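**Student:** sequence and predicted model, in that order:
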Amino acid sequence: MTAVTTTAGPDRDAARVPVRRLTVLYDARCSLCTFLRDWLVRQHQLVPLELVAAGSAEAARRFPGLDHAATLEEITVIGDAGQVYRGSAAWVVTLWALADHRPTAHRLSTPAGARLARGAVVAAAKWRGGWWAHREG
């Protein structure tokens, strides 16, 4: 699996560097996000996942060059070699790290699957938007 969006420098070619660990930044204020975080920690992981609250001091310390405001708007996953995955690519790479869901990740990485993955991300964003509007209203 290769990064769709990357911040790796020329000496860290994200397309050819193996992924040995992923950090998933999630919105700790969002009930859907924390539900998914809890689900992820219960899964058999082929690639270890570290779950860190987006926008936290820990996230800022680990990833000083990242746009941390954007990580609260869109799921962001960082590979141990500097790869940065956002949106549907982040969901796909996270599923790829899980033993029971790697085949699904491979299907979602096809052109047809990518449309489905984008649709899931849009649906989650709409749910989150409605949840935040309800909490603030």
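**Tutor:** On my side now, so go ahead.
**Student:** only C-alpha atoms for contact and neighbour calcs from this point on.
**Tutor:** Fine.
**Student:** what's the average pLDDT for the helix or strand encompassing Ala89?
**Tutor:** Taking DSSP states H and E as the criterion, Ala89 maps to helix 87-96. Averaging pLDDT along helix 87-96 yields 90.
**Student:** chain center to whatever helix or strand comes next after it: distance?
**Tutor:** Once helix 87-96 ends, the next helix or strand along the chain (criterion: DSSP H and E) is helix 102-108. Centre-to-centre, helix 102-108 and its host chain are 15 Å apart (CA atoms, centre = their mean, to the nearest Å).
**Student:** CA atoms of helix 102-108 as PDB?
**Tutor:** Written as PDB, here are the backbone C-alpha positions of helix 102-108 (Å, rounded to 0.1, in the frame of the first residue of the first chain):
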ATOM      1  CA  ARG A 102      -6.700  -6.300   4.700                       C
ATOM      2  CA  PRO A 103      -8.600  -8.000   1.800                       C
ATOM      3  CA  THR A 104     -11.300  -5.200   2.100                       C
ATOM      4  CA  ALA A 105      -8.500  -2.600   2.000                       C
ATOM      5  CA  HIS A 106      -7.200  -4.100  -1.200                       C
ATOM      6  CA  ARG A 107     -10.700  -3.900  -2.800                       C
ATOM      7  CA  LEU A 108     -11.100  -0.300  -1.600                       C
END
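**Student:** what is it packed up against?
**Tutor:** helix 87-96, helix 111-136 (3 or more CA pairs under 8 Å, 6 or more residues apart in numbering; DSSP states H and E).
**Student:** which other helices and strands contact the helix holding Ala89?
**Tutor:** Using 3+ CA pairs under 8 Å, 6+ apart as the contact test, the elements touching helix 87-96 are strand 76-79, helix 102-108, helix 111-136.
**Student:** for the record, mean pLDDT for the second one?
**Tutor:** Confidence for helix 102-108, expressed as mean pLDDT, is 88.
**Student:** ok, stretch 70-78 next?
**Tutor:** Per-residue pLDDT over stretch 70-78 has a mean of 90.
**Student:** can you measure across it, start residue to end residue?
**Tutor:** Across its full length, stretch 70-78 reaches 14 Å between end residues, using CA to CA, to the nearest Å.
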